[in-house]
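Q: Provide a 3D model corresponding to the input given below.
(chains A and B)
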Amino acid sequence: MAAASRDRTPAIEALGLAKRYGPLAAVDGIDLTVPGGQSVALLGANGAGKSTLLRLLATLFRPSGGRLRLFGNEAGRSDSGPLRRRIGFLSHQTFLYEHLTGRENLLFYARLYGLADPEGAAREAIAAAGLSHRQDDRVGSYSRGMQQRLAIARALLHRPELILLDEPFTGLDRESSSKLEERLRRERGSGRTSVMATHDPDQALRAADRVLVLRDGRLALDAPAHGLDAARLDALLRTSAATATGTP
Amino acid sequence: MTYLRAVLLVAGRDLRVELRSREQAVTLLFFALLVLVVFNFAFDFTVIDFVTLGPGVLWVAFIFSGVLAINRSFQIEREQDRIQGILMAPIDRSAFYLGKVAATVLFMAAVEAILVPVAVVMFNFRFSARIAFVILALILNTVGFAAVGTLFAAMTTSTRRAELLLPLLLFPAAVPVALAAVKTTTHLLAGHPFAAYSHWVGMSAAYDLIFLAAAVLLCDYVLED
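A: Got it, this is the predicted structure:
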């Protein structure tokens, strides 16, 4: 069980969180509290602010306004290294080096995170991803699905308490998607806090305890997953998309 | 993870990727050799003294191959958003910067190690300068160029036209180090005493220190969105 879910300190506390690019507000004053151990799905049309919000939570972006606390610590400061150690980030981009082998990629990240036994951690993570037989092959020779499995192994290598997923299913075929979903379900059972951006309402309802819908950088819906159905979410997303594109 | 280990880890990863792909080494070397060949045909070095023109020719080759090396170094990080994977790690971001500088210096040094002997043979130059001093001068100026180049590459890497912006920003800022490099090399090849070019060496050393220190201090802001 991850540490954040044991104590009462929320994993994420955002108050009026904003990110602006000139006159454009990508994230516009979001208030959000996510308790430790909760799985949150983040839905919204293209340009609604999902990726920006995830990158703010990952401390990759500095907020333009508002406050962000992660595990009770102020985020967005230059000394947020120890905080980043508690976060894992996975997107549809793998962050992997195609000229290095699967093992070398994980070993590089394990050393970057200062893990006590990088060799052991990399070996264990590759085994969990079901890629032990290909660990000495270059990542460039892996299929898209295998690369994404290795990317999950990379994101979870340092056993983060908070995992942020930015549309991790993009470009995966059905079989790879279901394997990834299965892996994420296991992680959900381990008590980690997760926030996953997705376009798919069905997937959101399967994978999360709570659903957020973003529209123009603001929260349009914040509700428990069990009270929602995919059709309603889909209708809400279509409205969001129509608002974003200006179509009736 | 100590600071130095993080620097070495980033530099080592760059070298390992390059050893596997060999994309950069081939491009850099052929480009630099092509510059020498073009200048060899353009000027009659039986009439023009190599000491007058040679240092300029060599530094044109070093600087342009350096730009290629720096561009490639950050292109690797842009693909698959790898830079975000690094920036998510609990290391000081300046360690990432210094690792990139170290890898670029090594790539440029490899090109220089091949190009200088080739130039000496190609231009039929009677090399009498102290080799150790020439190596020191090359390293001093290569570090300065790599420091400023990597800083600007980090600044422009998240922009859409990073490869276009880098030379536009870099060349004006690199004028002092290019000037000092050419002047120092000219004096060294001419066999002048150290006192004749010590001010150029001082300028290169100051340039290195200023840009390395500024980059380390600014790294957090430079590498952010």
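Q: Buried ones in stretch A:200-216, by neighbour count?
A: Using 16 or more other Cβ atoms under 10 Å in any protein chain shown as the test for burial, stretch A:200-216 gives A:200-201, A:203-205, A:207-216. Where C-beta positions appear, they are placed from N, C-alpha and C, glycine not excepted.
Q: May I have stretch B:201-220 exported as CSV, CA atoms only?
A: C-alpha atoms of stretch B:201-220 as CSV (Å, rounded to 0.1, in the frame of the first residue of the first chain):
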residue,chain,number,x,y,z
VAL,B,201,43.3,32.6,-23.4
GLY,B,202,42.0,34.7,-20.5
MET,B,203,39.1,35.8,-22.6
SER,B,204,38.2,32.1,-23.5
ALA,B,205,38.5,31.1,-19.8
ALA,B,206,36.3,33.9,-18.7
TYR,B,207,33.8,33.1,-21.4
ASP,B,208,33.7,29.4,-20.3
LEU,B,209,33.2,30.4,-16.6
ILE,B,210,30.5,33.0,-17.3
PHE,B,211,28.4,30.8,-19.6
LEU,B,212,28.8,27.7,-17.5
ALA,B,213,27.8,29.5,-14.3
ALA,B,214,25.0,31.4,-15.9
ALA,B,215,23.6,28.2,-17.5
VAL,B,216,23.8,26.3,-14.2
LEU,B,217,21.9,29.1,-12.4
LEU,B,218,19.3,29.6,-15.2
CYS,B,219,18.8,25.9,-16.0
ASP,B,220,15.6,25.5,-14.0
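Q: among the buried residues of stretch A:200-216, which are in strands?
A: Members of those lying in strands (criterion: DSSP state E): A:Arg210, A:Val211, A:Leu212, A:Val213, A:Leu214, A:Arg215.
Q: Show me the shaky parts of the chain.
A: As the question left the chain open, I've gone with chain A. Scanning chain A for pLDDT under 70 picks out the ranges A:1-7, A:76-79, A:240-248.
Q: other chain: chain B
A: In chain B (pLDDT under 70), the answer is B:1, B:129, B:225.
Q: For it, which segments are assigned as helices?
A: Along chain B, the segments classed as helices by DSSP state H run B:3-21, B:23-42, B:50-78, B:82-87, B:93-122, B:131-156, B:162-190, B:194-222.
Q: Let's have those helices in JSON lines, adding mean neighbour count.
A: As requested, the helices of chain B are exported to JSON lines (neighbours: other Cβ atoms under 10 Å in any protein chain shown):
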{"stretch": "helix B:3-21", "mean neighbour count": "18"}
{"stretch": "helix B:23-42", "mean neighbour count": "16"}
{"stretch": "helix B:50-78", "mean neighbour count": "21"}
{"stretch": "helix B:82-87", "mean neighbour count": "21"}
{"stretch": "helix B:93-122", "mean neighbour count": "21"}
{"stretch": "helix B:131-156", "mean neighbour count": "22"}
{"stretch": "helix B:162-190", "mean neighbour count": "19"}
{"stretch": "helix B:194-222", "mean neighbour count": "17"}
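Q: what's the closest of these to chain A?
A: Minimum separation from chain A across the helices of chain B (Cβ to the nearest Cβ) falls at helix B:82-87, 3.2 Å.
Q: near chain A, anything from that closest one?
A: Yes: counting by Cβ under 8 Å from any Cβ of the partner chain, chain A is contacted by helix B:82-87 at B:Arg82, B:Gln84, B:Gly85, B:Ile86, B:Leu87.
Q: what's the distance between B:Val216 and A:Arg238?
A: 49 Å (Cβ to Cβ, to the nearest Å).
Q: What residues does chain B have near chain A?
A: Counting by Cβ under 8 Å from any Cβ, the residues of chain B close to chain A are B:1, B:5-6, B:9, B:13, B:16-17, B:20-21, B:76, B:80-82, B:84-92, B:220, B:224-225.
Q: can you pull the contacts of the residue of chain B most remote from its centre?
A: In chain B, the greatest distance from the average C-alpha position (Cα atoms, centre = their mean) is reached by B:Val47, at 30.7 Å. For B:Val47, no contacting residues are found, by Cβ atoms under 8 Å, 6 or more residues apart in numbering or on different chains.
Q: Make sure A:Ala41 is indeed in a helix.
A: No: A:Ala41: not assigned to a helix; according to DSSP: H, G, I helix; E, B strand; the rest coil it is strand.
Q: Contact partners for it?
A: Contact analysis of A:Ala41 by Cβ under 8 Å, 6+ apart lists A:Met196, A:Ala197, A:Thr198, A:Gln203, A:Ala204, A:Leu205, A:Ala207, A:Ala208, A:Arg210, A:Val211, A:Leu212, A:Ala225.
Q: sorry, back to before: looking at the helices of chain B, which is closest to A:Gly49?
A: Closest to A:Gly49 of the helices of chain B is helix B:82-87 (Cβ to Cβ; 17.4 Å).
Q: returning to that earlier point: what distance do you get for the residue farthest from the centre of chain B to B:Leu53?
A: For B:Val47, the distance to B:Leu53 - Cβ to Cβ - is 11 Å.
Q: I'm done for today, thanks for sticking with me.
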